[in-house]
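>>> just a sequence and a predicted model for now, questions to come.
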Amino acid sequence: MADNKAKTGPVKYLGQVRQEGRKVVWPSARETMVTTILVLIMMVLFGIFFFIVDWITANGVTFFLNMGSPGTGAGG
């Protein structure tokens, strides 16, 4: 099926792009700095969280896999 949208020429398109670009509200330097610091803090917190979850999971799997091994149980 053919698209029924009107075609826009390159000059008109660039004019529309420029017009939309004027509507953009750019953050201030302070807002950018605060946001960057918050992102870095969240990255560290998520890193610590996933490290702990990974450590617990790895030790839990190792524990369960070793439960049936001879010589590791009580009275072995």
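Great, that's in hand. On a predicted model such as this, the values are computed, not experimentally measured, just so you know.
>>> C-alpha only now, for contacts and for neighbours.
Noted.
>>> for the protein, what spans make up the strands?
Assigned by DSSP state E, the strands in the chain number zero.
>>> which parts of it are helices?
10-23, 29-66 (DSSP state H).
>>> mean pLDDT lowest for which of those helices?
Across those, the stretch with the lowest average pLDDT is helix 10-23; it has a mean of 92.
>>> mind putting the helices of the chain in CSV, mean neighbour count included?
Output for the helices of the chain, formatted as CSV (neighbours: other CA atoms under 10 Å):
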stretch, mean neighbour count
helix 10-23, 10
helix 29-66, 12
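>>> can you get me a residue count around residue 70?
Neighbours of residue 70 under the rule other CA atoms under 10 Å: 9.
>>> center of the protein - which residue?
residue 43 (9.1 Å; CA atoms, centre = their mean).
>>> and the gap between it and residue 9?
Counting by CA to CA, to the nearest Å, the gap from residue 43 to residue 9 is 45 Å.
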